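[1] What follows is a protein structure lacking sequence information:
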Ligand SMILES: CCCCC/C=C\C/C=C\C/C=C\CCCCC(=O)SCCNC(=O)CCNC(=O)[C@H](O)C(C)(C)COP(=O)(O)OP(=O)(O)OC[C@H]1O[C@@H](n2cnc3c(N)ncnc32)[C@H](O)[C@@H]1OP(=O)(O)O
Ligand SMILES: Cc1cc2nc3c(=O)[nH]c(=O)nc-3n(C[C@H](O)[C@H](O)[C@H](O)COP(=O)(O)OP(=O)(O)OC[C@H]3O[C@@H](n4cnc5c(N)ncnc54)[C@H](O)[C@@H]3O)c2cc1C
């Protein structure tokens, strides 16, 4: 039986100070008591699977051993999940996502299977194709990934070079990678794990190019796992993070697949080679929209992980004296520390709340598309792009801030903060590079601005442009509602400026595309301001909505958090607000005080708030952030696991050091 340790006294005191019911907040964040119970039950089962306990910390394994261990454990995880789902409901995707962290210390080599392979079959396949592939994929009788990016192109997917040439005689597509830059590069699990993939390739029929389309391709023999003839596949090697994600490369040489393997929910190729256009060619990009929406939720979770570690550590850690002759203080009592950490908690809440409504918007668009309606697709695309970009970027900054807030110990691998940073920062690039996605939203914002000038009715997320054009700027008040309006004014002002900059360049004789490039720094700033306005507005609205259904004590804390988020960003962007809204210097001075008051109000609840994220020690995997706060003991225990501590004298002493020292003495 595992030894039960005493909880650190500081943490005990912190938990006694908490003014709200932690469990109530956990249920709220999970989306209901039932979801929490299901999650805890599953995590508890995993906790007791002996084979999932690592004898040697993964960090000491070689690249190959680490990968093999990850495959071994993912298979066990999948079996445990199957058994669980036989007896009960199917687990919610977010609960599986969270539990995965307790098993795989980094990113699972199977991650893309459920993350993109299965969703693409659902989103892009016809009912017949779904009937053929989905049961096998869901049962994991076939394992797949999403192979889109190539060595030469990741962002500009219209420029992909893999070709799929239709041969009407045999009713097959012939896949080819004509150049080294045409090789697929990056897909997770592709290296040595998967036997299938969705390949995105340029379709050619009778010498004519029809753009990029998704194809299901079997790349390895199901029995021997050897690459099929005509397939060149392998792993791309070590990266900054994603150590066990098994990212791979893939090339094709005259590789034939049957016609039915092109996913044809949108566009189709008939037997005779006739191409039937879909309702909208951008529907081929549908899986990316779904993943971008999910990244907002992933960012909330990664921020919560880092906040939990850093807040608990800050409560346990004592360093320096505030006053001479008094004991060293808990570092959480330094206001600068609260400034670094409480925004991390609030940011996680902001992203969770944003995900709640964004996911509903996504489901509505999917439902509409089923009825051949696509009116809300452009707005969803614009929202998912800028919110993916901003949430992943903010999460990266926050995780690094939490690591720095843990001082030297934050640099230890055993704090888990370096690994969390590794996968958080990757999200800024994957699924659409940060700047590129901000520019996609900017494209939408320029059109929206034009429509606003023409007096048209705008989609809800940009309706503030019409208000801004119609009304005088509202008299400033330091209330959350008016500050949110202020963020909208900043966004509207920057959108107008970017639009005017483009017009100026066009009037000076530039092509629209060159004018766009010349204005693009302003365009991304406009897009960022729009994201911030959306995040603050959505977070405030959701908090007001939920506050009426929770206990008054919890409502009060949720209110402190949303205010902190809004005031924090007001002070961070005060320069913009001074330019574009009616805020005055005096208002900013008042808000500085308000911010300090909010830090003080949140202080007694800080540990309670991170406890409410309910992230188990197995998931956190952090010497600094465990529930019991045994920071120093755990750091020492983990250090003792180093293979270098397993022998009193390392052989390198006899081989190199001793002769070296002897020589130095002569
Ligand atoms: C168990 C532990 C696990 C731990 C794990 C931890 C973390 C992991 C978490 C999650 C991981 C999940 C997955 C990770 C893997 C990541 C996988 C990938 O990266 S897959 C590859 C992703 N690739 C991209 O995102 C490519 C980005 N590029 C594009 O999307 C496009 O090329 C483009 C930039 C959008 C431009 O496209 P295009 O040139 O065709 O279009 P434009 O000419 O610019 O615009 C035309 C028109 O189309 C509209 N539009 C564009 N995209 C869409 C869309 N998706 N939907 C709807 N409409 C779209 C655009 O708005 C234009 O409209 P208009 O202005 O009206 O003309
Ligand atoms: C960890 C990880 C996992 C991944 N997993 C997968 C996967 O499973 N499947 C898959 O298919 N892909 C995957 N990818 C690839 C990923 O989707 C691409 O790397 C990403 O879309 C960025 O494309 P790129 O690498 O071509 O960057 P580039 O586009 O080459 O970006 C380089 C720079 O150019 C700038 N730039 C490019 N175009 C423009 C423009 N139009 N305007 C202004 N600036 C521009 C960018 O802002 C950036 O600063 C993964 C990547 C990573 C890092």
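    On my side now, so go ahead. Please read all numbers here as calculations on a predicted model, not as lab measurements. Ligands and ions are numbered 1, 2, ... in the order given.
[2] Return the residues in contact with residue 45.
    Residue 45 sits next to 80, 84 when contact means CB atoms under 8 Å, 6 or more residues apart in numbering. From N, CA and C alone the C-beta is placed, and that goes for glycine too.
[3] Which strand or helix spans it?
    helix 33-47 (DSSP states H and E).
[4] Residue 382 now?
    For residue 382, the element it lies in under DSSP H and E is helix 377-405.
[5] give me the number of residues near the residue found closest to residue 70 once you drop the neighbours it is linked to in the chain?
    Nearest in space to residue 70, with sequence neighbours left out and distances taken as CB to CB, 6 or more residues apart in numbering, is residue 244 at 3.8 Å. By other CB atoms under 10 Å, 25 other residues sit near residue 244.
[6] ok but residue 244 is inside a strand, no?
    No: under DSSP: H, G, I helix; E, B strand; the rest coil, residue 244 sits outside any strand and is assigned coil.
[7] Give the rounded mean pLDDT of stretch 380-391.
    What stretch 380-391 shows for mean pLDDT is 98.
[8] Touching it from outside, list them.
    282, 289, 292-293, 295-296, 299-300, 351, 354, 358, 361-362, 365, 428, 431-432, 434-435, 437-438, 440-441, 443-445, 461, 527-528, 530-532, 534-535.
[9] Quick one: buried ones out of the residues you listed?
    289, 292-293, 295-296, 299-300, 351, 354, 358, 361-362, 365, 428, 431-432, 434-435, 437-438, 440-441, 443-445, 461, 527-528, 530-532, 534-535 (16 or more other CB atoms under 10 Å).
[10] filter those by proximity to ligand 2?
    Residues of the buried ones among the contacts of stretch 380-391 in contact with ligand 2 (CB under 6 Å from any ligand atom): 431-432, 435.
[11] out of those, which touch ligand 1?
    Okay, of these touching ligand 1 (CB under 6 Å from any ligand atom), that's 431-432.
[12] could you dump the ones next to ligand 2 among the buried ones among the contacts of stretch 380-391 to a markdown table with secondary structure and pLDDT?
    Shown next, in a markdown table, are those (DSSP: H, G, I helix; E, B strand; the rest coil; pLDDT from 0 to 100):
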| residue | secondary structure | pLDDT |
| --- | --- | --- |
| 431 | coil | 98 |
| 432 | coil | 98 |
| 435 | helix | 98 |
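[13] Can you tell me which of the ones next to ligand 2 among the buried ones among the contacts of stretch 380-391 is nearest ligand 1?
    Nearest to ligand 1 among these, counting by CB to the nearest ligand atom, is residue 432 at 3.5 Å.
[14] Who are the contact partners of the closest one?
    Residues near residue 432 by CB under 8 Å, 6+ apart: 155, 288, 292, 385, 388-389, 440.
[15] Show the buried residues in those.
    288, 292, 385, 388-389, 440.
[16] For the chain, which segments count as strands?
    Taking DSSP state E to define them, one finds strands in the chain at 144-147, 163-167, 172-176, 184-185, 196-205, 208-218, 231-235, 248-252, 255-258, 268-269, 275-276.
[17] of all the contacts of residue 432, which comes closest to ligand 2?
    The closest of the contacts of residue 432, once distances to ligand 2 are taken by CB to the nearest ligand atom, is residue 155, at 3.1 Å.
[18] could you list every residue that touches the closest one?
    For residue 155, the contact set (CB under 8 Å, 6+ apart) comprises 432-433, 436.
[19] Domain map for the protein?
    For the chain, automatic domain parsing gives the domain ranges 38-113, 115-278, 287-460+478-611.
[20] what would those domains look like in JSON lines with distance to residue 654?
    Below are the domains of the chain laid out as JSON lines (distance: least, CB to CB, whole Å):
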{"stretch": "domain 38-113", "distance to residue 654": "22"}
{"stretch": "domain 115-278", "distance to residue 654": "31"}
{"stretch": "domain 287-460+478-611", "distance to residue 654": "28"}
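[21] Would you tell me which of those domains gets closest to residue 623?
    With respect to residue 623, and counting by CB to CB, the nearest of the domains of the chain is domain 287-460+478-611 at 4.3 Å.
[22] measure that closest one end to end?
    The straight-line separation of the ends of domain 287-460+478-611 (CA to CA, to the nearest Å) is 34 Å.
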